[in-house]
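Enquirer: Predicted model and sequence below, questions to follow.
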Amino acid sequence: IGELKDGLTRLTIDAAKWRMPDDAVLQLGAKLPRSLQHLRLGLRRCTELTSTGLLGAFKELPENLDTLMVDFRFSMSINSLTYVGRTRARPGGLATLCDSLPGSLKTLDLVFNRYA
C-alpha cells in the first residue's frame, strides 16, 4: 500500500483472496494515518494471515480510532501457531488481539469462522 492522505478519517480496504502474509498486514498497520477514525478491513481467505500479523497491525492502529470492522473468515485461525507446516490450537488468541486495541474504540465488528 502506498502513502495514505494525512487527515483521512474513513478507510475501507478489501483484500479478499489476496496473498496477505503477516508482514504485509504489519506494513499496512504502520501506514495508517493517525487521523483515521473508521477502518474496515476485508481479509477473507487471506490464507497466509495469522494472529501474528493481526496482532502487529492492531498494535499500530491510530489512537483515536472509533470504529473497527475486520472480516477474516477462512484465513488462518487466530487461535493457532504454525510451526514446520503444522497448525496447533492456542488458547486466548482472540482475547490477546482484543487486548491490543486502542482504548478509544467504541465499535468493534469481528467476523471470523468458528475456529477463531
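Expert: Ah, there it is. In this text the structure is predicted, and so the values were computed from the model without any measurement.
Enquirer: Number of residues surrounding Leu49?
Expert: Using other Cβ atoms under 10 Å, the number of residues around Leu49 comes to 24. From N, CA and C alone the C-beta is placed, and that goes for glycine too.
Enquirer: and what of Leu26?
Expert: By other Cβ under 10 Å, neighbour count at Leu26 equals 18.
Enquirer: tell me which element it is part of?
Expert: Secondary structure assignment for Leu26, by DSSP states H and E: helix 22-31.
Enquirer: What's the mean pLDDT across that helix?
Expert: Averaging pLDDT along helix 22-31 yields 85.
Enquirer: Listing partners with orientation, what would you give for the following helix or strand past that helix?
Expert: From helix 22-31 onward toward the C-terminus, using DSSP H and E, the following helix or strand is strand 38-42. Its sheet considered, strand 38-42 pairs with strand 10-14 (parallel), strand 67-71 (parallel) by DSSP bridges.
Enquirer: Next, format these as CSV and append mean pLDDT.
Expert: Shown next, in CSV, are the strands paired with strand 38-42 (pLDDT from 0 to 100):
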stretch, mean pLDDT
strand 10-14, 93
strand 67-71, 92
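Enquirer: Just say helix, strand or coil for the residue most central in space within the chain.
Expert: In the chain, the residue lying closest to the centroid (Cα atoms, centre = their mean) is Leu54, at 4.0 Å. Recorded secondary structure, Leu54: helix (DSSP: H, G, I helix; E, B strand; the rest coil).
Enquirer: Just the pLDDT at it, thanks.
Expert: pLDDT at Leu54 comes out at 81.
Enquirer: correct me, but it touches Phe72?
Expert: Yes: at 7.1 Å, Leu54 and Phe72 qualify as touching, with contact defined as Cβ atoms under 8 Å.
Enquirer: burial count for the nearest residue to Leu43 once chain neighbours are set aside?
Expert: Of all residues not flanking Leu43 in the chain, Phe72 sits nearest, at 4.4 Å (Cβ to Cβ, 6 or more residues apart in numbering). Applying other Cβ under 10 Å, we find 26 other residues in the vicinity of Phe72.
Enquirer: give the contact list for Phe72.
Expert: Leu41, Leu43, Arg44, Cys46, Leu49, Leu54, Ile78, Leu110, Val111, Phe112, Ala116 (Cβ atoms under 8 Å, 6 or more residues apart in numbering).
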